[in-house]
Each structure stands twice: as structure tokens, then as C-alpha cells.
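J.: sequence and predicted structure are below.
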Amino acid sequence: MNDTTPAIRPFVAAVPDEAIDDLKARLARTRWPDPETVSDWSQGVRSDNLRRLLQRWEHDYDWRDFESRLNAHPQFLTEIDGVDIHFVHVRSPHTDALPLILTHGWPSSVIDFLRLIGPLTDPVAYGGSADDAFDVVIPSLPGFGFSGKPTETGWTVGRIADAWVELMHRLGYRSWAAQGGDWGGAVTSALGEKRPDGLVGVHLNTPYAFPQTPPAHRSPAEQHAMDTLAFYSGPLGGSNHLQGTKPQTPGFALADSPAGQAAWIYEKFQSKTDNRGLAEDAIPVDDMLDTISLYWFTNTAASSARIY
């Protein structure tokens, strides 16, 4: 099947100038809370760090540059199960390339995979072998990015997995693989469990597999895994709990305040990356602002949180 059919429509990202002007005006009017009472990040994002991030977002960051990089890749919309699904689709120049669907998590997006498109679709250009080439399909989860926002409950990882099966079939693929991390890992795990026709394998960079009863005597690796799980469900689990119970409540604040949206996501980059003290050690500032801006311009703070 060709990419462009009545069911598959081309898409180009084009945020109106008025939306960019509105963002900068809101940033200039940020109402700041009193500073934290500790010298570390234990209370959340530190005021000085957020001020520097917002200063760059308002005065130096270029959304149009990101928009052009995103639009350099073919993008499409297709309605599946009543929701428009946005996706990037790049075919390999090599014959017999394996189709691969890549699924992001939260607070992520298709942005996570843009730098991988070249090496995956054309490994020869990067010193690899044509035998390792992939056609890549990179969808935005429902309620994320440029995908539509579900208007009903029930969009579980299983339902998303079913939508991905339909997407790959709609693109004409009869043999394909899947990869994902974070919520993308949960969706990809659901695909593996369902074993739909055509799926030849899955790859996870966040495997969700926990023993029903943890072993009484644990190896150092097992204990580290248990400690990490406790850390994620404890000190790092505040946003997960809030989004999993009352996603609409923070949605009001994050939809109205770009400073709030930035802090909400910036803290995750800070706490969940391998850095030397600051998120900026691991991720360039403008890369973080690409993600923050995408959530802001698409107003998806609440809709993306409902996946929890």
C-alpha cells in the first residue's frame, strides 16, 4: 500500500506564529513561587535552574528549527479506532529491510527516535550492513504530540497495541518487529503477549517483568533491581501517582502555564537520566526544550497523563 491513501493523510507540523508569540508572552509574565528551602533537588526543580531554562526558552530557543527537522521526515495521520494517529514513516533504500515500529513513553515523543532514523534505515551510510536495515514507523501515542486525543476512557496498552497492529497492516506490512521503552515498552510487551500475525519479534529497553513473590535470598543484581523499583515507586513516583489517579487536575495548571509545563518535564530529565548532577550533562538544553515545546504547543499535558 502507498503511504498516501484516503485512510492515510500527509501531515506537516506548522505551529501558528500566534502560538509562539503567546508562549513568549506567558513566559515573560511567569509568576514565581518562593524558592525551595533546600540546596538540592529533593523538593523538586530548583528555582535557579528553571529560571535559566525559561530564559533560554523565551529568548534563544528556536521552535522553527525543530519543526524543520521533524518535517524533513515523512509524516502522516490515519484514523484508527476513532482517533487520529500521527506517525513518522521512513522506508529504507535497501530491499528486504525489516519494518520496525518504535514506541515512545512519557514524557517523551517521536522526538526520541529522530536521530536513529538514518542509522536504522540506511546502516550502510553509517558503516553498517544493509542486512541490518529497517523501514521505521514511529507513531505518537494517542493523546501525545500530534496524535488525536481520546474522548473516552479505555485506551489501555492493549488497545494501543491493537491500533499498532492495524497501522502496520494498513501500511502493507505482513512481517514486522516492534521496539519500545517506558510506556512504549508496555505497549510493545502487549504486542508480544498478543502475538498478532506478522509480528516476528519485540525489543524492550524497559522490560516490565516482576516476580509475584520476590526471592527471599537475592543476588546483588536482583537486590539492585528491587531497590530501583522501590525508588521509582517511592521518591520518583509522585508524578506517576498523581497522573494515575487525577490526571485532569495537574492538566489545568500545565495547560495554562508554560513554566509549570517546563518544570514538570524538566524534573523528569533531571531525575531519570544518567547525569553528573544536572540533566544538561546528559541531554542538550534545546533537546529538552524540543520535548517541552511539543507538549506545550499540542496542549497534551492532561491527555498524555491519562495513559497512567
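T.: Yep, it's here. Numbering: from 1, shown residues only.
J.: looking at the chain, which helix or strand is least sure?
T.: Ranked by mean pLDDT, DSSP states H and E, the helix or strand of the chain with the weakest confidence is helix 220-233, at a mean of 88.
J.: now that helix: buried residues?
T.: By neighbour count with 16 or more other CB atoms under 10 Å, helix 220-233 contains no buried residues. Every residue, glycine included, has its C-beta placed from N, CA and C.
J.: ok, now stretch 282-302?
T.: In stretch 282-302, counting by 16+ other CB under 10 Å, buried: 283, 285, 287-298, 300-302.
J.: residues contacting that stretch, please?
T.: Stretch 282-302 has contacts (CB atoms under 8 Å, 6 or more residues apart in numbering) with 15, 19, 23, 53, 56-57, 61, 63, 66, 107-109, 111, 143-146, 149, 247-248, 250-252, 254-255, 258, 261-262, 264-266, 269, 273-275, 279-280, 304.
J.: are any of those residues buried, and if so which?
T.: The neighbour count (16+ other CB under 10 Å) marks 15, 23, 53, 57, 61, 63, 66, 107-109, 111, 143-146, 149, 247, 250-251, 254-255, 258, 261-262, 264-266, 269, 279-280, 304 as buried among these.
J.: which residues are in contact with the residue lying closest to Phe144 once chain neighbours are set aside?
T.: Nearest residue to Phe144 in three dimensions, chain neighbours excluded: Ser304, at 4.8 Å (CB to CB, 6 or more residues apart in numbering). The contact partners of Ser304, by CB under 8 Å, 6+ apart, come to 106-107, 141, 143-144, 295.
J.: what separation is there between Ser304 and Val165?
T.: As judged by CB to CB, to the nearest Å, Ser304 and Val165 stand 22 Å apart.
J.: repeat that for Arg91.
T.: The value you get for Arg91 to Val165, if CB to CB is used, is 19 Å.
J.: okay, the two: which has more neighbours?
T.: Val165 (20 against 16; other CB atoms under 10 Å).
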